[in-house]
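Q: Sequence first, then the predicted structure:
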Amino acid sequence: MPTDMPPPDPSEVSDALAASGAPQGTADAHGLLCALLCADPGLDVAAWLERLGASTTTGGPALDDLHAHTRAQLIGEGFDLAPWLPDDNEPLEARVQALGEWCQGFLGGLGLSGVDPDRLVDDAAEFVHDLATIAHATLGSGANIEGAERDFTELVEFLRIGTYLVRDALQTPSMPGKPS
């Protein structure tokens, strides 16, 4: 699937995840998918759904498309990965919560892949450790919304670039933290 093809419809993905019996939400499931694909670019949809805890090994067109779209973004050289988060018209609080869920999913995916974050190269290891902090991010009461929006945008960019750092670290053949 070309990366310039639009991603699947978010509501269809959410409905497909629910129908599959996966306990995760969309952001968490996408974070998991990204980490699993960083560790194993050949991961198929059935393996992803199994690791999601879905009750089916077929996710239907929406999940197939999300998998293919995300895989194309991660194996491509365009650095166009977009963490699967609510769009900008959703309340910031919901987007921050989804950001934390995406980080939790990514960390879970690394764990399921047998990746030891402490054995990654410095920048990738630091990114993974930062994810643990970001996973617990909240929008404080009385937050400056304009500043918080800017911070949110910077965090999304950090996730995007950091995911490529992990991908590159795990795809390096001599990587000591790479699962066997």
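A: The structure has been received and is ready for your questions. Residues are numbered from 1 along each chain as shown.
Q: So for Asp64, what's the pLDDT?
A: Per-residue pLDDT puts Asp64 at 92.
Q: tell me which element it is part of?
A: helix 60-75 (DSSP states H and E).
Q: neighbouring contacts of that helix?
A: Here helix 60-75 makes contact (Cβ atoms under 8 Å, 6 or more residues apart in numbering) with 1-3, 5, 7-9, 12-13, 15-17, 19-20, 30, 33-34, 37-38, 41, 43-45, 48-49, 59, 80-82, 84, 163-164, 167. Just so you know, the C-beta spots here come from the backbone N, C-alpha and C atoms, and that holds for glycine as well.
Q: Could I get the buried residue list for it?
A: 60, 62-74 (16 or more other Cβ atoms under 10 Å).
Q: how about JSON lines for those residues, with distance to Glu146 added?
A: Listed next are the buried residues of helix 60-75 as JSON lines, based on distance: Cβ to Cβ, whole Å:
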{"residue": "Gly60", "distance to Glu146": "40"}
{"residue": "Ala62", "distance to Glu146": "34"}
{"residue": "Leu63", "distance to Glu146": "36"}
{"residue": "Asp64", "distance to Glu146": "39"}
{"residue": "Asp65", "distance to Glu146": "35"}
{"residue": "Leu66", "distance to Glu146": "32"}
{"residue": "His67", "distance to Glu146": "36"}
{"residue": "Ala68", "distance to Glu146": "37"}
{"residue": "His69", "distance to Glu146": "31"}
{"residue": "Thr70", "distance to Glu146": "31"}
{"residue": "Arg71", "distance to Glu146": "36"}
{"residue": "Ala72", "distance to Glu146": "34"}
{"residue": "Gln73", "distance to Glu146": "29"}
{"residue": "Leu74", "distance to Glu146": "32"}
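Q: For ChimeraX, what selects the buried ones among the contacts of helix 60-75?
A: To isolate the buried ones among those in ChimeraX, judged by 16+ other Cβ under 10 Å, type:
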select :3,7,8,13,16,17,20,30,33,34,37,38,43,45,48,49,59,81,84,163,164,167
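Q: where along the chain do the helices fall?
A: 10-20, 26-39, 45-52, 60-75, 92-112, 122-134, 145-171 (DSSP state H).
Q: Need the CA coordinates for stretch 135-151. CSV is fine.
A: The C-alpha trace of stretch 135-151 is given here as CSV (Å, rounded to 0.1, in the frame of the first residue of the first chain):
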residue,chain,number,x,y,z
ALA,A,135,2.4,7.4,28.9
HIS,A,136,1.2,9.0,32.2
ALA,A,137,0.8,12.5,30.8
THR,A,138,-2.3,14.4,31.7
LEU,A,139,-3.7,17.8,31.0
GLY,A,140,-3.4,19.7,34.2
SER,A,141,-6.3,21.7,35.5
GLY,A,142,-5.9,25.4,34.6
ALA,A,143,-3.4,24.5,31.8
ASN,A,144,-2.6,27.2,29.3
ILE,A,145,-4.4,25.6,26.3
GLU,A,146,-2.4,27.4,23.7
GLY,A,147,0.9,26.2,25.3
ALA,A,148,-0.5,22.8,25.9
GLU,A,149,-1.5,22.5,22.2
ARG,A,150,2.0,23.4,21.3
ASP,A,151,3.5,20.9,23.7
